[in-house]
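# Just need the structure, nothing else, for what follows:
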Amino acid sequence: MMDDATDTFAHGACEAVVKVALKDSSYPVFIGDGLIASAGQFIDSALPGARCAVVSDANVAPLYLAPLKESLEARGAFLGDAVVAPGEQSKSFPVLARLCETLLDLGVERGDCVIALGGGVIGDLAGFAASILRRGVRSVQIPTSLLAQVDSSVGGKTGIDTKQGKNLIGTFHQPSLVLADTGALATLPPREFRAGYAEVMKYGLLGDAPFFSWLEKHWEKVFSGNGPERARAIETSVRAKAAIVAADEREETGTRALLNLGHTFGHALEAFAGYSDRLLHGEAIAIGQRLAFTYSVEQGLCAKEDALRVERQLAKVGLPSKIADIPGKAPTPGQLLRLMAQDKKVQGGKLALVLVRGIGQAYLERDVPTETLTAFLKKECGQAA
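Numbering: from 1, shown residues only. Below is the predicted model:
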């Protein structure tokens, strides 16, 4: 494993290195333009002699599989690839089963590696497959979406969805390294980039008020191209995620739960929308963040101006902030409550929410009164209280 960050800069493409410092499985996150084309060098340095099977989807593979394959083949490390359909629907038991069979057919052994080339869906699916294949093989995350680069590729969470909810079946399986190629964001559809920005905002909202203020001033440059502002936003987000994961790798103390700001609401909205293009993950999280702030205001925890700042920022970048912004029929409070009850933070039947005392001041409330939340959701769903 390469421990000296200066070694990575010799490859000529790395702009920043963030170390995820864990007790048993520390690893680096490399951030820079052109990392996919030089991935073979990074992987060979981290995992000498490992052969690699690449998992991607039908949107990403035509764009980036060829340069990745060439880089791996140059070092005799390419085993083959598996390409699945794009979208959240691929995070399912049937797709997982077929993927595992394909990886075994490719000859993946215990000492080899599964590479996740794509967005958050591919990272979750491929990481889960790696964690159970031959009782665990190593994995490398190469995230190609903003959301995956700043959030889902770091921290070792893997999983699939069920009809009961999102990511309810999965494992903790840390990657051996992460290669966040900022150049890949140039081909990301604008809607997908906006959705990823909701996760960038999250790091300011949960624990870094100055970062959120910086985003309010510089968000247009973050969106406009592969410049220093975009790189700063990604690096700041990754450093925040790495610090929280290092403090609570397996969500045992409650610290890591702060990363779920807006997610209990958001995951319920995603499930209601059928995990479809009707509502992308980041869009659901954007609505969830605004709901968490508004609920906190109504409980006397947070100043109203902070909630308004969140709503204004979401509006400026073109993200939804209200349940009414979701196309089609709106959910009922009862539907949302049933879906929220499947949240992984629920203990003893008590619903937990990440709430806020202000921007940058998130905390975990472990016993949210159902009556209070129901009344809140009735207003948000447009029903009379």
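# Arg134 is in contact with Val108, isn't it?
Yes. Between Arg134 and Val108 a contact is recorded at 7.4 Å, counting by Cβ atoms under 8 Å. The C-beta positions use only the backbone N, C-alpha and C, and glycine is treated the same way.
# neighbour-wise, which of the two wins?
Val108 (23 against 14; other Cβ atoms under 10 Å).
# correct me, but the more buried one touches Ser139?
No. Between Val108 and Ser139 there is no contact under Cβ under 8 Å: 10.7 Å.
# okay, and the common contacts of these two?
Counting by Cβ atoms under 8 Å, 6 or more residues apart in numbering, the common neighbours of Val108 and Ser139 are Val114.
# Sketch out the strands for the stretch 151-300 of the chain, chain order is fine.
Ranges of strands in the stretch 151-300 of the chain, per DSSP state E, counting those that start in this stretch, are 157-162, 165-172, 177-181.
# Make JSON lines out of these and add mean pLDDT and distance to Arg278.
Listed next are the strands of the stretch 151-300 of the chain as JSON lines, based on pLDDT from 0 to 100; distance: least, Cβ to Cβ, whole Å:
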{"stretch": "strand 157-162", "mean pLDDT": "95", "distance to Arg278": "15"}
{"stretch": "strand 165-172", "mean pLDDT": "92", "distance to Arg278": "15"}
{"stretch": "strand 177-181", "mean pLDDT": "98", "distance to Arg278": "28"}
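# what pLDDT does the most centrally placed residue in the chain get?
Computing the C-alpha centroid of the chain and ranking residues by Cα atoms, centre = their mean puts Ser152 first, at 2.7 Å. On pLDDT, Ser152 comes in at 96.
# CA-only coordinates of stretch 108-120 in CSV, if you can.
Only the C-alpha atoms of stretch 108-120 are listed here, as CSV (Å, rounded to 0.1, in the frame of the first residue of the first chain):
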residue,chain,number,x,y,z
VAL,A,108,-11.8,-13.5,-9.7
GLU,A,109,-9.7,-15.0,-6.9
ARG,A,110,-9.3,-14.0,-3.2
GLY,A,111,-6.1,-12.0,-4.0
ASP,A,112,-7.8,-10.1,-6.9
CYS,A,113,-9.8,-6.9,-7.0
VAL,A,114,-13.2,-5.7,-8.1
ILE,A,115,-13.2,-2.2,-9.5
ALA,A,116,-16.4,-0.1,-9.3
LEU,A,117,-16.4,2.3,-12.3
GLY,A,118,-19.4,4.5,-12.1
GLY,A,119,-21.7,6.4,-9.8
GLY,A,120,-23.2,5.6,-6.4
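# Run the chain-centre distance for that stretch.
Counting by Cα atoms, centre = their mean, to the nearest Å, stretch 108-120 is centred 17 Å from the centre of its parent chain.
# residue contacts, Gly288?
Contact analysis of Gly288 by Cβ under 8 Å, 6+ apart lists Leu261, Gly262, His263, Thr264, Phe265, Gly266, His267, Leu269.
# so of the residues you listed, which ones are in helices?
His263, Thr264, Phe265, Gly266, His267, Leu269 (DSSP state H).
# What separation is there between the nearest residue to Tyr275 once chain neighbours are set aside and Asn260?
Distances taken as Cβ to Cβ, 6 or more residues apart in numbering place Glu88 nearest to Tyr275, at 3.8 Å, with adjacent residues excluded. Look at Glu88 and Asn260: by Cβ to Cβ, to the nearest Å, they are 18 Å apart.
# can you check Pro333 too?
Pro333 sits at a distance of 21 Å from Asn260 (criterion: Cβ to Cβ).
# got it, and Gly225?
Per Cβ to Cβ, Gly225 is found 31 Å from Asn260.
# which parts of stretch 48-59 are buried?
By neighbour count on 16 or more other Cβ atoms under 10 Å, the buried set for stretch 48-59 is Ala50, Arg51, Cys52, Ala53, Val54, Val55, Ser56, Asp57, Asn59.
# Could you tell me how many residues sit around the residue nearest to Tyr275?
Neighbours around Glu88, by other Cβ under 10 Å: 22.
# that older thread, looking at Pro333 and Asn260, which is more packed in?
Per other Cβ under 10 Å, whichever of Pro333 and Asn260 has more neighbours is Asn260, with 25 against 18.
# starting at the chain centroid, how far to stretch 350-365?
Chain-centre distance of stretch 350-365: 19 Å, with Cα atoms, centre = their mean.
# ugh, wrong one, I meant stretch 68-86
23 Å.
# and that stretch, how far apart are its ends?
19 Å (Cα to Cα, to the nearest Å).
# Break down this protein into its helices, ranges please.
Ranges of helices in the chain, per DSSP H, are 5-9, 39-46, 61-73, 93-105, 120-132, 146-147, 190-207, 209-224, 228-247, 263-272, 281-298, 304-317, 333-340, 370-380.
# which of those helices sits most buried?
Of all those, helix 146-147 has the most neighbours on average by mean count of other Cβ atoms under 10 Å, namely a mean of 28.
# Residues touching it, excluding its own?
With Cβ under 8 Å, 6+ apart, helix 146-147 has contacts from 119-120, 185, 188, 192-193, 195-200, 234, 281-282.
# quick one: average pLDDT of it?
For helix 146-147, mean pLDDT is 98.
# Show the contacting residues for the residue nearest to Tyr275.
Per Cβ under 8 Å, 6+ apart, neighbours of Glu88: Val121, Asp161, Glu270, Tyr275, Ser276, His281.
# and if you look at Ala148?
Ala148 makes contact with Gly118, Gly119, Gly120, Ile122, Gly123, Gln141, Gly196, according to Cβ under 8 Å, 6+ apart.
# Is there a neighbour count for Lys345? I'd like the number.
Neighbour count for Lys345, taken as other Cβ under 10 Å: 19.
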